[in-house]
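J.: this one's sequence-less:
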């Protein structure tokens, strides 16, 4: 066994492939992706060095478990040797190399969250229990500098995320990291719902009734159940896919 193989312990890679493919299919159904320009990834090794990511220019609606590329975040040539989007490698490759806690990374341009990211102040204000989930739990990047196609920009975004799990990418979209595909998908799902509610509320032209900091924090803490609801939510979403088109698992 080579040194590289010895350093590459797998964490049920088959299941990770299936879950990530399901997340891609669901993102397409929910109109979160931008053409073929968005990327999902998940670590397969305990140290986060090795990870799966969708290949260059493959539509999420057609992704299958077998399509994902197995990549090495510490490689200097992976982006040249594999059919990868440079922006995918710059963001995901850098984050997997720098943030061990970022097991799963989902980056998309969903309509409501992307619109919200274009505001001068894209903070998620707590006006209902879904938006309150993100109270003081979202990093905001307002230093968009163009297409993220280089390691320096990937490192800047990693630093912008900091200790948070959600990054509002100003004038760009959103990025969410988490311990599992299920938990990360669930957070992204509710983030898009929160942005939808905020935009609809703002569209009335009436003043917002923003929750107090104390109530917002209390509500945010109530969301933390160790990932049980997120796991159940994702399982139900996969069950829908299985009933309608289970080809994602191939």
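T.: Structure received. These numbers were taken from a predicted model, which means no experiment stands behind them.
J.: so residue 49 touches residue 72, yeah?
T.: Yes - with contact defined as CB atoms under 8 Å, residue 49 counts as touching residue 72 (6.3 Å). No exception for glycine: its C-beta is placed from N, CA and C like everyone else's.
J.: what's the longest helix along the chain packed up against?
T.: Longest helix in the chain, counting residues (DSSP state H): helix 181-203. Other helices and strands packing on helix 181-203, by 3 or more CB pairs under 8 Å, 6 or more residues apart in numbering; DSSP states H and E, are helix 13-29, strand 104-108, helix 111-117, helix 129-132, strand 173-178, helix 228-244.
J.: starting at the chain centroid, how far to that helix?
T.: Centroid separation for helix 181-203 versus its chain: 12 Å, with CA atoms, centre = their mean, to the nearest Å.
J.: ok, and for the next helix or strand after that helix, which residues are buried?
T.: Sequence-wise, the next helix or strand downstream of helix 181-203 (DSSP states H and E) is helix 213-222. Neighbour-count burial for helix 213-222 flags 216-217, 219-220 (criterion: 16 or more other CB atoms under 10 Å).
J.: go on, stretch 156-163?
T.: Here stretch 156-163 shows 156-158, 160-161 as buried, counting by 16+ other CB under 10 Å.
J.: from these, pick the one nearest residue 44.
T.: residue 158 (19.6 Å; CB to CB).
J.: and the gap between that closest one and residue 89?
T.: In this view, residue 158 and residue 89 are 13 Å apart by CB to CB, to the nearest Å.
J.: then residue 161?
T.: Residue 161 is 17 Å from residue 89, by CB to CB.
J.: same check, this time on residue 25
T.: Taking CB to CB, one finds residue 25 at 23 Å from residue 89.
J.: so for stretch 234-247, what gets flagged as buried?
T.: 234, 237-238, 241.
J.: now swap in stretch 82-89 and tell me
T.: In stretch 82-89, the ones that count as buried by 16+ other CB under 10 Å are 82, 84-89.
J.: got the contact list for it?
T.: 37, 39, 41, 53-57, 69, 71, 78-79, 147-150, 154 (CB atoms under 8 Å, 6 or more residues apart in numbering).
J.: cool, and stretch 31-40?
T.: 20, 23-24, 27, 53-54, 57-60, 85, 87-88, 91-92, 104-111, 173, 188, 192.
J.: count the neighbours of the closest residue to residue 13 other than its chain neighbours for me.
T.: Leaving aside its sequence neighbours, residue 13 sits nearest to residue 44 (CB to CB, 6 or more residues apart in numbering; 5.0 Å). A count of neighbours around residue 44, defined by other CB atoms under 10 Å, yields 22.
J.: where does this structure dip in pLDDT?
T.: 1-10, 77-81 (pLDDT under 70).
J.: report the central residue of it.
T.: With distances taken as CA atoms, centre = their mean, residue 106 lies nearest the centre of the chain, 2.0 Å away.
J.: wait, isn't that residue in contact with residue 188?
T.: Yes - counting by CB under 8 Å, residue 106 touches residue 188, with 5.3 Å between them.
J.: shared neighbours, those two?
T.: Common neighbours of residue 106 and residue 188 (CB under 8 Å, 6+ apart) are residue 176.
J.: now do the same contact list for the nearest residue to residue 230 once chain neighbours are set aside.
T.: Computed as CB to CB, 6+ apart, the closest residue to residue 230 that is not its neighbour in sequence is residue 186, at 3.5 Å. By CB under 8 Å, 6+ apart, the contact set of residue 186 is 229-230, 233-234.
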